[in-house]
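Engineer: build the 3D model from these lines:
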Amino acid sequence: MEKYIQLPLTEEVAKTLHAGDSVYLTGTIYTSRDAGHKRMCEALARGEELPFDPTDATIYYVGPTPAKPGQVIGSAGPTTSGRMDAYAPTMMSVGARGMIGKGARLPEVVEAMKKYQGVYFGAIGGAGALLAKCIKKCELIAYEDLGAEALRKLYVEEMPLVVIIDSEGKNLYEEGKAAYLAARES
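Structural biologist: Numbering: from 1, shown residues only. Alright, predicted model coming up:
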């Protein structure tokens, strides 16, 4: 099913999304990769606040290339989500709900998604230039020293994604494989 989602990703909206849904996100998302996630989780462990309000936030696992003149951002393709698996449950525990990346997630992340009503969206790897066209605004908000891994606030319009794992823990990677194998056997 195709769905157009206006962010933030509230619990109510998250519950309407199902593994396999095609979605188009519009609104504010944040960028971070492993170095940024590590820094945020260390700050939380010290009792400090994050540089953004994580409530109902969606985080895009991306390290964009520098913008060329006249562009908002450079190529912005997803990075492998598994690098954030150590940090994702902590981020969800403080309110972050959506994650955008590519690749499989650990069972601990899926359990946290079920507990906190999280959603994992898949973006197409290798399509960074195309995805960058959906990004209308980009603002560096923290960790400038991390370069491409700095924390950014983006405004996106109709960013095309697929729900890979929904808030009930249903996983398109697993269900798709099972459906394919069942079809081959019949």
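
Engineer: state the mean pLDDT of the longest strand along the chain.
Structural biologist: Secondary structure assigned by DSSP state E gives strand 151-165 as the longest strand of the chain. What strand 151-165 shows for mean pLDDT is 97.

Engineer: pull out the buried positions in it.
Structural biologist: 151, 152, 153, 154, 155, 156, 159, 160, 161, 163, 164, 165 (16 or more other CB atoms under 10 Å). Every C-beta, even on glycine, is put in place using the N, C-alpha and C of the backbone.

Engineer: please apply the same query to stretch 21-34.
Structural biologist: So, applying 16+ other CB under 10 Å, buried residues of stretch 21-34: 21, 23, 24, 25, 26, 28, 29, 30, 31, 32, 33, 34.

Engineer: same check on stretch 101-118?
Structural biologist: 101, 102, 103, 104, 105, 109, 110, 112, 113, 116, 117, 118.

Engineer: please pull out the lowest mean pLDDT helix or strand from this structure.
Structural biologist: Ranked by mean pLDDT, DSSP states H and E, the weakest helix or strand in the chain is helix 172-185, scoring a mean of 76.

Engineer: tell me what it is packed against?
Structural biologist: strand 151-165 (3 or more CB pairs under 8 Å, 6 or more residues apart in numbering; DSSP states H and E).

Engineer: from the chain's centroid, how far away is the strand it packs on?
Structural biologist: On the basis of CA atoms, centre = their mean, to the nearest Å, strand 151-165 is displaced by 7 Å from the centre of the chain it belongs to.

Engineer: kindly calculate the angle that that strand makes with helix 172-185.
Structural biologist: 30 degrees (axes from the mean of the first three to the mean of the last three CA atoms, to 10 degrees).

Engineer: which stretch of helix or strand covers residue 71?
Structural biologist: Per DSSP states H and E, residue 71 falls between elements, in no helix or strand.
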